[in-house]
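Engineer: structural data only, the sequence is not supplied:
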């Protein structure tokens, strides 16, 4: 585990237990200076507990938390050079925006004349200079969010921790704030570590993502890595939407792995030869946007036959639900332009993809096929 | 359209004005009846006017259609409260002020004649200055003591009470299921000269310390100013504690976490965040404690001596024993106005408009 100075935070085999319950199990990763790092997972996965251990509100039961190369596991929050943006912002309601932002520097007994300059500069960065004398209750949700950011950033912490920072905002504002957060992060150059259950948010903003589930870190990587080559079935299902087809490795042919699907047919997955042993239980992940719907059999790539059961127009794209012969449900995301094949609901059709469009994961999923239309699944990730 | 229909429509359109006028007229009628402005056959006339006005508004509400009902609704909702205040607050205050400016023909007369007798106020100030002073000083000290005792208690219950919060609050309130008088008399037993508290203090030898602090007087704990203040403090503690508890309980613990996160020690977090946010509770508690404590006469009667008499005792004495209603009324009016002035000043100085 590297402890070079470029790593602002190092979690060294950190665990947290509450009695018999393991909230975080052996978290072991580091976060680089200036990095936008996301901890992503469903509620109860341990991401907030991990954040609290970095902030100092919780102490690890095992392992060390290193900040700027120093073990801070037993240092109280007010002596740690990290700041938190709380989920509901926790702005001080009895103080003006200016006094809220000046709270940290005043705690540190910074000279009042310097405070004024740095507070106004930070309010400039979050574009709230005109609101310095307002009370938090007079601001909109997005403005309160930016005050919370300014209040934390004015201290120039080694790292900024954000706990579900956008959860309280409505959709449009959330999208605008994603871009705004990224801009502010680039401008101040401080590491942002943020916790979210929203995979879209994590993919949009982060340099790297740690996907967590039930206290375990399932995978750490760039958004592209995690999306293209998920480390587990959980990650595949949690990040984006995925069609998971269970099968068995039949053989390796050149660079291709040949998989006999439980559904009956045999398909090839390019570039995956030798990763899994012959006879191993695996799942082939097919992203909906890699699938091509067509009326005829596509001779070029891999294909499966099924029946179109539903077609949802979504603007730029159209979502097609295809039931394979054995009843497995696939989701297919097609370009909704005029070139889209005109297939009637109920008609037999083909779904095809290039051999390098699939990705093989170990194990069989609980439920074969698409994971996006299952309301229980979507709700359980919130 | 006939003429009457046109007129009805005009009334319905102005139903809000009709409603307000009816409310004012009805209130004046009730004050007139309650404060004996009218007598003899005029009483029946006023009652008739009152019933006609109320009946008229009711009729308008029934026949005037939805628009008229909508306009009448706010006054309809205000009316019960306004009429209650008219009969049970405005009328008595009017009577009190009137009697305070009246004279009696003789000491034993029960008839008062209104005569702008401002000498009643002069008497109230001249003869009872000491009692006024006691009332305000004792009440002020007791209020400060209830803050000093109540605030930490409320703080611990609100932030450290956990699942025992409601039990702890219950323990604070349970003693008050017993009558006020009985609890105060119980204190006179506890603090009695031969009671265990005084004996224990003398046995341990800290009696002198208390003597020096002017809490004990010649080996006595009962019948001292300290006993009266102690009684007031004890009796009004929940009125301070509960509002403070409510305002502390509302504070989001994340605010305290945020203060800690922003490099504040626990004591700075308390000074800058928790305490300012609990001021509305302290403010409300102060009013709820000081106002009744200043008018109290029970504690001074059972725990005090003739030199600790508070104004409440004197007013009671003038009303019920001396039968001197004019001077008693003047004293009550002075007490009322002084408390109102003090509260107004206090509100101006410490009022927390945007937090309340």
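Structural biologist: That came through, no problem. Everything numeric in this text was worked out from a predicted model, so none of it was measured. Residues are numbered from 1 along each chain as shown, chains lettered A, B, ... in the order given.
Engineer: residue B:15 and chain A, how far apart?
Structural biologist: Distance, residue B:15 to chain A, by C-beta to the nearest C-beta, to the nearest Å: 37 Å. For the C-beta atoms, the positions are set from N, CA and C on the backbone; glycine is no exception.
Engineer: based on its surroundings, how many neighbours for that residue?
Structural biologist: 22 (other C-beta atoms under 10 Å in any protein chain shown).
Engineer: before we move on, what about residue B:277?
Structural biologist: Around residue B:277 there are 20 residues (other C-beta under 10 Å).
Engineer: quick one: it is in a helix?
Structural biologist: Yes - read with DSSP: H, G, I helix; E, B strand; the rest coil, residue B:277 is one of the residues of a helix.
Engineer: roughly how far does it sit from residue B:168?
Structural biologist: As judged by C-beta to C-beta, to the nearest Å, residue B:277 and residue B:168 stand 21 Å apart.
Engineer: quick one: secondary structure of the residue nearest to residue A:137 when sequence neighbours are not counted?
Structural biologist: Excluding its sequence neighbours, the residue lying closest to residue A:137 (C-beta to C-beta, 6 or more residues apart in numbering or on different chains) is residue A:93, at 6.2 Å. Of the three states, residue A:93 takes coil under three-state DSSP.
Engineer: pLDDT averaged over the helix ranked longest in chain B - what is it?
Structural biologist: As assigned by DSSP state H, the longest helix anywhere in chain B is helix B:119-160. The average pLDDT for helix B:119-160 rounds to 95.
Engineer: touching chain A at all, it?
Structural biologist: No - on the criterion C-beta under 8 Å from any C-beta of the partner chain, helix B:119-160 is out of touch with chain A, staying 15.5 Å away.
Engineer: most proximal residue of the stretch 201-350 of chain A with respect to chain B?
Structural biologist: Distance from chain B to each residue of the stretch 201-350 of chain A (C-beta to the nearest C-beta) is smallest for residue A:201, at 21.2 Å.
Engineer: so where does that residue fall, helix or strand?
Structural biologist: Using DSSP states H and E, residue A:201 sits in helix A:199-205.
Engineer: by mean pLDDT, flag the weakest helix or strand of chain B.
Structural biologist: helix B:3-13 (a mean of 74; mean pLDDT, DSSP states H and E).
Engineer: show me the domain layout of chain B.
Structural biologist: B:3-100, B:119-350 (automatic domain parsing).
Engineer: give the contact list for the closest residue to residue B:91 other than its chain neighbours.
Structural biologist: Nearest non-adjacent residue to residue B:91, counting by C-beta to C-beta, 6+ apart: residue B:34, 2.8 Å away. Going by C-beta atoms under 8 Å, 6 or more residues apart in numbering or on different chains, residue B:34 touches B:86-88, B:90-92, B:94-95.
Engineer: and residue B:34, what pLDDT?
Structural biologist: At residue B:34, pLDDT is 88.
Engineer: okay, now the unreliable bits of chain A?
Structural biologist: Chain A contains residues with pLDDT under 70 at A:1-5, A:297-300, A:338-341, A:371-382.
Engineer: returning to what we had before: which of the domains of chain B sits most buried?
Structural biologist: Mean neighbours per residue, mean count of other C-beta atoms under 10 Å in any protein chain shown, is largest over these for domain B:119-350, with a mean of 18.
Engineer: give me the contacts around the least confident helix or strand of chain B.
Structural biologist: The contact list for helix B:3-13 (C-beta under 8 Å, 6+ apart) reads B:18, B:60, B:63-65, B:67-68.
Engineer: 10 Å instead?
Structural biologist: The contact list for helix B:3-13 (C-beta atoms under 10 Å, 6 or more residues apart in numbering or on different chains) reads B:1-2, B:17-18, B:56, B:60, B:63-69, B:71-72.
Engineer: make JSON lines out of the domains of chain B and add distance to residue A:163.
Structural biologist: Converted to JSON lines, those look like this (distance: least, C-beta to C-beta, whole Å):
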{"stretch": "domain B:3-100", "distance to residue A:163": "45"}
{"stretch": "domain B:119-350", "distance to residue A:163": "10"}
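Engineer: now the weakest link among the ones you listed, please, by mean pLDDT.
Structural biologist: For the domains of chain B, mean pLDDT drops lowest on domain B:3-100, to a mean of 89.
Engineer: endpoint to endpoint, that domain covers what distance?
Structural biologist: 53 Å (C-alpha to C-alpha, to the nearest Å).
Engineer: quick one: furthest residue from the center of chain A?
Structural biologist: residue A:113 (41.0 Å; C-alpha atoms, centre = their mean).
Engineer: in contact with that one, which residues are there?
Structural biologist: By C-beta under 10 Å, 6+ apart, residue A:113 has no neighbours at all.
Engineer: just the one 4 residues further on next, same as before
Structural biologist: By C-beta under 10 Å, 6+ apart, residue A:117 lies in contact with residue A:111.
Engineer: what residues does the stretch 1-150 of chain A put near chain B?
Structural biologist: A:52, A:55-57, A:76-95, A:99-109, A:135, A:137-138, A:148 (C-beta under 10 Å from any C-beta of the partner chain).
Engineer: out of the residues you listed, which end up buried?
Structural biologist: A:52, A:55-57, A:77-78, A:80-87, A:89-95, A:99-107, A:135, A:148 (16 or more other C-beta atoms under 10 Å in any protein chain shown).
Engineer: so which helix or strand takes in residue 244?
Structural biologist: As the question left the chain open, I've gone with chain A. Here residue A:244 is assigned to strand A:243-253, by DSSP H and E.
Engineer: that answer is for a different chain, and I need it for chain B
Structural biologist: helix B:225-249.
Engineer: I'd like the contacts of residue B:34 as a markdown table, with secondary structure appended.
Structural biologist: Listed next are the contacts of residue B:34 as a markdown table, based on three-state DSSP:
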| residue | secondary structure |
| --- | --- |
| B:86 | helix |
| B:87 | helix |
| B:88 | helix |
| B:90 | helix |
| B:91 | helix |
| B:92 | helix |
| B:94 | helix |
| B:95 | helix |
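Engineer: if we can go back for a sec, what about the residues of the stretch 1-150 of chain A next to chain B, which are in strands?
Structural biologist: Counting by DSSP state E, the part of the residues of the stretch 1-150 of chain A next to chain B found in strands is A:82-85.
Engineer: tell me how far the residue nearest to residue B:195 when sequence neighbours are not counted lies from chain A.
Structural biologist: Once flanking residues are discounted, residue B:195 sits nearest to residue B:189: 6.4 Å by C-beta to C-beta, 6+ apart. Residue B:189 sits 46 Å away from chain A, going by C-beta to the nearest C-beta.
Engineer: list the contacts for residue B:189?
Structural biologist: Shown in contact with residue B:189 (C-beta under 10 Å, 6+ apart): B:195-197, B:222.
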